[in-house]
Every structure is written in C-alpha cells, then in structure tokens.
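>>> Show me the folded form of this:
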Amino acid sequence: MTKKKWALIVSPTPPAQEAAEKLKPMIDWVPVEEADRAVVLGGDGFMLQTLHQMLNRRAIMPVYGMNLGTVGFLMNNWHLEDLSERLTKARAFKVKPLKMEVETISGASFTLPAINEVSLLRETRQTAKLEIEINGRVMMEELVCDGVLIATPAGSTAYNLSANGPILPLTCNLLALTPISPFRPRRWKGAILPDKMEISIRVLNPEKRPVSAVGDQQEVRDVSRVTVAVDRSQALTMLFDPEHALDDRIAMEQFVV
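Next up, the predicted model:
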C-alpha cells in the first residue's frame, strides 16, 4: 500500500501556529502541492476557507481538521496523542457543495461555490421581496422577509439552524430552504427539498429593495436573481475520528436544548 503524503495547513492565529510547532516533528509533512491528504489546524471558518481552496485544485484531497478555534463543528478535537493512528482510522465523509449563479442589477454574472449555505439578505432597512421558483415552476410569488437561505446537510446546523431551519442528516440528499424573519406569508416555515432540484430566487423591485447573495464567506451585492443547485461535478472529503464523526454530531444536534 502506498504511504499517504500529508500536508499541514495552519490558520494564522497564535493557537494554531503554536499547535503546528508541536505537530511538525511527528510526521514527515510535505508541501500542499505534493500531498494527497491534509491536516488543517484552526476553526470552522478556516476549514471552510481551506475547503474552498480545495475546490480550485485539479485533484481534491481529503482533509482532517483539528479544532484550534471556538466551536469546531467541522473539526476533530485537538490533542497530540496517537496522531498517526487517528489519521489511519479516520472515517471519510463526502460533502457536495452548492453552485450559486448570480445575476446583478447591472447585468454582471458570477458563479460561486458554497459548502454550508447560500443566503440572500436585505441590504437596507426595507424588507426584501422575493419570488421562489423550483425546477422552473414558481412556488411562491412573493415572500416578504429579511432574507432566505439554502443549506446543505453539512451546513444545516450553522446559520440555517439559528434561523429555525431543520437539521438534515448528512447522507439524506436533501436541501433546506429556510426563510429569515418572514413577514408574509407569516406562517411559512420553509421547505425541505430533494437535492436534485434547482432553486431560483428572483428579487422583486431590486433597485428599491436591494438584496445581497452570500455563498459561505463570499458576497455579491445588488442581485436580481440567484440560482442554486448541487454541484455534482466535484465532492469534498472530510476525515473524522470514529468517535467524533460528522454524521453522528449532526444527528445529536437535534437533542441539544
């Protein structure tokens, strides 16, 4: 069996840098360009940043995160003991990103990936007015709200959960469509959709009620339409300790009170 070549990717924060110095003697690390797997030191935000960089690589490598941030939901616990054994036993989970296609008022267009969620948010004090279309069919002619988001299972416990959206099991092949502070229709709680569906959201009166679109950490302002679908051309692989696996953690979040 060919020995795996591991790279070490480190957040610039002092805790991550200090941890990296402790890890460096433990494994024969190689540069990212030569590696086929990576250990990532940092928090959830740095992990998302790293995963986005992986999407730009010709070959996407599996990543094993160790938490040196705050929450660390996408990470394993930080400790030095038996690192080589932990890496060998780590369970792999595939995460399918979203592809967000954006059109702006000025006619510009952008295509951006999102791993956790795509969110549309009002830019001013005025509420957003949105039309929601699923697979080419208008399902809601007008949603008056602060915004709306489309979350993957991996991202369903993040912004989606704080907006009272559902927690989705990691392997369920579903997306959550969740309104943010809906005003009309007041009782609409959102929808759970098969991830094969394409979701298109048109901003009504975008000049008067401007809306921005955010894919994880990337924002486009003054949008007129956003179309979101799962990008099946590429998948990310995250590695977790068996006792700290991502699918179990997502499921257990349903019992946190």
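>>> the helices in this structure, which residues?
14-23, 44-55, 83-89, 159-162, 246-252 (DSSP state H).
>>> quick one: buried residues of the third one?
By neighbour count with 16 or more other Cβ atoms under 10 Å, helix 83-89 contains the buried residues 83, 86-87. Bear in mind the C-beta positions are built from the backbone N, C-alpha and C, glycine included.
>>> pLDDT and distance to P97 for the residues you listed - can I get that in CSV?
Listed next are those as CSV, based on pLDDT from 0 to 100; distance: Cβ to Cβ, whole Å:
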residue, pLDDT, distance to P97
L83, 89, 28
R86, 92, 26
L87, 93, 24
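>>> Kindly present these as CSV, with separate columns for distance to I27.
Below are the buried residues of helix 83-89 laid out as CSV (distance: Cβ to Cβ, whole Å):
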residue, distance to I27
L83, 7
R86, 11
L87, 8
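>>> Nearest to F255, out of these: which one, please.
Closest approach between these and F255, by Cβ to Cβ: R86, at 26.1 Å.
>>> quick one: contacts for the closest one?
76, 241 (Cβ atoms under 8 Å, 6 or more residues apart in numbering).
>>> ok, now K89?
So K89 contacts 241-242 (Cβ under 8 Å, 6+ apart).
>>> likewise V211?
Per Cβ under 8 Å, 6+ apart, neighbours of V211: 120-123, 128, 130, 147, 203, 222-223.
>>> For the residue nearest in space to the middle of the chain, which residues are in contact?
When Cα atoms, centre = their mean is applied to the chain, the residue found nearest the centroid is N116 (1.8 Å). Residues near N116 by Cβ under 8 Å, 6+ apart: 48, 151-152, 154-155, 158-159, 216.
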